[in-house]
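Enquirer: Below: sequence and its predicted model.
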Amino acid sequence: MKFTPLSGREFPRFSAIKTFFRLPHVSVNEKFDVALVGVPYDGGVSYRPGARFGPSHVREASSLGRGFHWSRGVSLFENLKVADVGDCPIVPIDQEKTYASIEKFFGALAKTKKFVAVGGDHSITLPLLRAAKKAAGEPLNLIHFDAHLDTYPAAWDCEYHHGAFLRHAVEEKLIVPKQSLQIGLRGPLAGGDDLDFVKKHGLRATTVDDLKSVGLKKFIETLPNFSKGSTYVTFDIDCLDPAFAPGTGTPVVGGLTTYETQQILRSLKIKNLVAGDIVEVCPAYDQSDITALAAVDVMFELMCLMS
Ligand code: MN
Ligand code: MN
């Protein structure tokens, strides 16, 4: 079995059946290193729905993905066997069943492989972290790109909406708050007490102001190393400014540029990146595939960090 993308020089990039990065679509039981998986669930959104169509939209745009990383000098698909295993089963109208299915699917997967999941809304990250933590056998370091804190309280009496995954991850001890990093945060917040949880648990929260006030290069120098333990990266596409990612459910102005997130991802020092996800891509609001292409690039950087 060869784990190489379909060549654009043989088969034009607009042709063929769409898989992530034109990689083979295989069973999870095959032997390879990294699984790319869609999780088309958006039952946790609080505003615009539609992230359930994220995986197919990102697959389509990933036809333009390529394997050689110019600045890293890495030939990704020569170093790493990567495949598209399709979508995790979900139940669109039942979050409890969906969470159970995600934990089961990724729990089995994570025993032998790393994964990059494509959502779906940010509520999927909680069961993904449960599965990744269980496989790692220890609480995880977490790098969290987002405009939002995602430590918010229950809404409409529902605990597991897309703005609460991180609060639950901390409470369930899936992650180590002191070994976390949040990037891209910005207001406005509903109230000043939204920051209480972050302060109480010592989450390392950085804002867009923190970056823009000192400049990208200096900001990158302040970032911690993740040289110990197992690390998970969750990338909410709304960390990007709506100009760079219009296709998302809860956009916030004043965000990061795609270039800035690329540079940050390339600078991260992570010894063992076990898994990652890209969430909140909502194709109905995307323009000219801007958002999907940004997501494809994040997938590429995460895979390079795994190789
Ligand atoms: Mn967000
Ligand atoms: Mn989020």
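Expert: Cool, the structure landed. Ligands and ions are numbered 1, 2, ... in the order given.
Enquirer: show me the contacts for the residue lying closest to F197 once chain neighbours are set aside.
Expert: Nearest residue to F197, sequence neighbours excluded (C-beta to C-beta, 6 or more residues apart in numbering): T151, at 4.3 Å. Just so you know, the C-beta spots here come from the backbone N, C-alpha and C atoms, and that holds for glycine as well. Neighbouring residues of T151 by C-beta atoms under 8 Å, 6 or more residues apart in numbering: A164, L166, R167, V170, D194, F197, V198, L203.
Enquirer: My reading is that T151 lies in a helix. Confirm?
Expert: No: per DSSP: H, G, I helix; E, B strand; the rest coil, T151 lies outside any helix segment and is coil.
Enquirer: Check it and give its pLDDT.
Expert: pLDDT recorded at T151 is 98.
Enquirer: on that earlier part again, quick one: which of the contacts of T151 is nearest ligand 2?
Expert: L166 (8.0 Å; C-beta to the ion).
Enquirer: ok, that closest one - how many residues close by?
Expert: Neighbourhood size, L166 [other C-beta atoms under 10 Å]: 30.
Enquirer: and it, what helix or strand is that in?
Expert: Assigned by DSSP states H and E, L166 belongs to helix 165-171.
Enquirer: other SSEs contacting that helix?
Expert: Packing partners of helix 165-171 (3 or more C-beta pairs under 8 Å, 6 or more residues apart in numbering; DSSP states H and E): helix 125-136, strand 140-145, helix 196-201.
Enquirer: Pipe these into JSON lines and attach mean pLDDT, mean neighbour count and distance to ligand 2 per row.
Expert: JSON lines is the format used below for these (pLDDT from 0 to 100; neighbours: other C-beta atoms under 10 Å; distance: least, C-beta to the ion, whole Å):
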{"stretch": "helix 125-136", "mean pLDDT": "98", "mean neighbour count": "24", "distance to ligand 2": "8"}
{"stretch": "strand 140-145", "mean pLDDT": "98", "mean neighbour count": "26", "distance to ligand 2": "8"}
{"stretch": "helix 196-201", "mean pLDDT": "97", "mean neighbour count": "14", "distance to ligand 2": "14"}
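Enquirer: Same list (those) but as a markdown table, adding distance to A155.
Expert: A markdown table is the format used below for those (distance: least, C-beta to C-beta, whole Å):
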| stretch | distance to A155 |
| --- | --- |
| helix 125-136 | 15 |
| strand 140-145 | 19 |
| helix 196-201 | 15 |
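Enquirer: and H69, which of these is closest to it?
Expert: H69 sits nearest to strand 140-145 of all the helices and strands packed on helix 165-171, at 18.9 Å, using C-beta to C-beta.
Enquirer: quick one, the closest one and helix 125-136 angle?
Expert: Interaxial angle, strand 140-145 versus helix 125-136 (axes from the mean of the first three to the mean of the last three C-alpha atoms, to 10 degrees): 150 degrees.
Enquirer: picking that back up, how about the helices and strands packed on helix 165-171, which one is nearest L256?
Expert: Smallest distance to L256 across the helices and strands packed on helix 165-171 (C-beta to C-beta): 8.1 Å, for strand 140-145.
Enquirer: can you give me how far that closest one is from the chain middle?
Expert: Its chain's C-alpha centre and that of strand 140-145 lie 10 Å apart, by C-alpha atoms, centre = their mean, to the nearest Å.
Enquirer: Stretch 8-20 now?
Expert: Counting by C-alpha atoms, centre = their mean, stretch 8-20 comes out at 24 Å from the chain centroid.
Enquirer: what does the protein have sitting close to ligand 1?
Expert: Applying C-beta under 5 Å from the ion, we find that the chain lies next to ligand 1 at D146, A147, H148, D236, D238.
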